[in-house]
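K.L.:
structural data only, the sequence is not supplied:
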């Protein structure tokens, strides 16, 4: 078996058949096994999983108690027998040639990991994510450290597991698994740990993975631990990038820019999605956090000079813990964006 694809499933009955059809419709499906891990679903997903396993001999289903997507993926890794391992989320789908292109790229170059582009639809536009790396050639250790890892430090678009194939022997030799219980950043951690131990990677310009934009109640849920999550990821990243040879200013400056942007996102989220005391509580938690204040103070010149004007203004206001000023700036920006959209809509 060439490829094992792990599909964690939890209550995705609405999209699951489309996802599985996109995988059984792969042009190299005969060389693949699908490992569907039902993570304690309570809707009609388990029956759909069993139906596909009955119809296709190279599909296996594992039903387990709910314990999160990382645990489900790890269960799938443990059960895999393919030369390569891939991952697909059960509300997304893969274009028919995705795994053919990924496998050919890995086999022709001898790379331990191959990757392709992602189509990422949003309510207002569709975005195709491609990467500024050489394609169809092996990218070795120097390129991984100086280009791929450096890109990941500044841009989150390469974090996903789902547009990649990983050589299973590298995963097993190094005991690579996803961190159980993590709510955010588990894909990124796995990819970085893999990059630290693999020999080479290879990209293909094919856009093969379709990420479905799904608006759920979770998006609207306030998170008072937002700042904790940002700085926990920052500390984890510091250790992961150190293993890739990115230390000192090569890590600290882009990491500070990323963390500051995430703080701005937290403030914007609070203004746009929350109301009343919830909004005020989250904003005060962000600007009043000692770690956030230290990050802004230590990197103030960098954050205000190498940022958008909007972000730079919010960072200045956050430094002064000026929640009222932050709210006014975000409100004015929303009016500006609406006015621009109205004018450009009239022009068309």
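P.N.:
Done, it's in. Please read all numbers here as calculations on a predicted model, not as lab measurements.

K.L.:
what ranges does the protein have for its strands?
P.N.:
3-9, 32-39, 59-64, 84-87, 93-94, 113-121, 126-129, 164-167, 201-210 (DSSP state E).

K.L.:
which stretch in those has the least confidence?
P.N.:
Note on the strands of the chain: strand 126-129 shows the lowest mean pLDDT, a mean of 90.

K.L.:
and residue 127, what does it touch?
P.N.:
Neighbour list for residue 127: 119-121 [criterion: C-beta atoms under 8 Å, 6 or more residues apart in numbering]. From N, CA and C alone the C-beta is placed, and that goes for glycine too.

K.L.:
same thing but 10 Å
P.N.:
Neighbouring residues of residue 127 by C-beta atoms under 10 Å, 6 or more residues apart in numbering: 118-121, 157, 211.

K.L.:
picking that back up, next, format the strands of the chain as CSV and append distance to residue 231.
P.N.:
CSV is the format used below for the strands of the chain (distance: least, C-beta to C-beta, whole Å):
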stretch, distance to residue 231
strand 3-9, 27
strand 32-39, 29
strand 59-64, 32
strand 84-87, 27
strand 93-94, 35
strand 113-121, 27
strand 126-129, 26
strand 164-167, 27
strand 201-210, 29
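
K.L.:
could you pick out the buried ones from the contacts of residue 127?
P.N.:
For the contacts of residue 127, a burial check counting by 16 or more other C-beta atoms under 10 Å picks out 118-120, 211.

K.L.:
show me which pair in those residues is furthest apart.
P.N.:
Across the buried ones among the contacts of residue 127, no pair lies farther apart than 119 and 211, at 6.8 Å, counting by C-beta to C-beta.

K.L.:
find the residues that touch each one of the two.
P.N.:
92-93, 127, 129, 163.

K.L.:
state the pair within these that is farthest apart.
P.N.:
Using C-beta to C-beta, the two most remote members of the shared contacts of residue 119 and residue 211 are 93 and 127, lying 16.6 Å apart.

K.L.:
can you find the helix or strand in the protein with the smallest mean pLDDT?
P.N.:
Sorting the helices and strands of the chain by mean pLDDT, DSSP states H and E puts helix 217-220 at the bottom, at a mean of 37.

K.L.:
can you show me the helices along the stretch 51-200 of the chain?
P.N.:
Taking DSSP state H, counting those that start in this stretch as the criterion, the stretch 51-200 of the chain contains helices spanning 69-79, 98-109, 141-143, 149-154, 168-173, 186-197.

K.L.:
roughly how far does residue 297 sit from residue 157?
P.N.:
According to C-beta to C-beta, to the nearest Å, residue 297 and residue 157 sit 29 Å apart.

K.L.:
same deal with residue 103?
P.N.:
Per C-beta to C-beta, residue 103 is found 23 Å from residue 157.

K.L.:
residues contacting the closest residue to residue 56 other than its chain neighbours?
P.N.:
Spatial nearest neighbour of residue 56, excluding adjacent residues (C-beta to C-beta, 6 or more residues apart in numbering): residue 24 at 6.2 Å. Applying C-beta under 10 Å, 6+ apart to residue 24 gives the contacts 32, 34, 52, 55-56, 58-59.

K.L.:
what about residue 24, distance to residue 55?
P.N.:
As judged by C-beta to C-beta, residue 24 and residue 55 stand 8 Å apart.

K.L.:
also residue 254?
P.N.:
48 Å.

K.L.:
how about residue 21?
P.N.:
The value you get for residue 21 to residue 55, if C-beta to C-beta is used, is 11 Å.

K.L.:
can you check residue 16 too?
P.N.:
When C-beta to C-beta is applied, the distance between residue 16 and residue 55 equals 14 Å.

K.L.:
neighbour count for these two, which is higher?
P.N.:
Legend: neighbour count by other C-beta atoms under 10 Å for residue 16 and residue 55, higher for residue 16 (23 against 10).

K.L.:
check contacts around that one.
P.N.:
Contact analysis of residue 16 by C-beta under 10 Å, 6+ apart lists 7, 9, 36, 38, 41, 43-45, 48-49, 52, 90-91.

K.L.:
check residue 42 too.
P.N.:
Residues counted as contacts of residue 42 (C-beta under 10 Å, 6+ apart) are 10-11, 13, 66.

K.L.:
before we move on, the earlier item: show me which of the contacts of residue 127 is closest to residue 145.
P.N.:
Lowest distance from residue 145 to those (C-beta to C-beta) belongs to residue 157, with 18.8 Å.

K.L.:
look up how far residue 178 lies from that closest one.
P.N.:
Residue 157 sits at a distance of 19 Å from residue 178 (criterion: C-beta to C-beta).

K.L.:
with residue 211 instead?
P.N.:
Separation of residue 211 from residue 178 (C-beta to C-beta) stands at 18 Å.

K.L.:
and this protein, what are its domains?
P.N.:
With domains defined by automatic domain parsing, the chain comprises 3-210, 218-347.

K.L.:
mean pLDDT lowest where, among the ones you listed?
P.N.:
Of all the domains of the chain, the minimum mean pLDDT falls on domain 218-347 (a mean of 89).

K.L.:
gap between that one and the chain center?
P.N.:
Relative to the centre of its chain, domain 218-347 is centred 18 Å away, using C-alpha atoms, centre = their mean, to the nearest Å.
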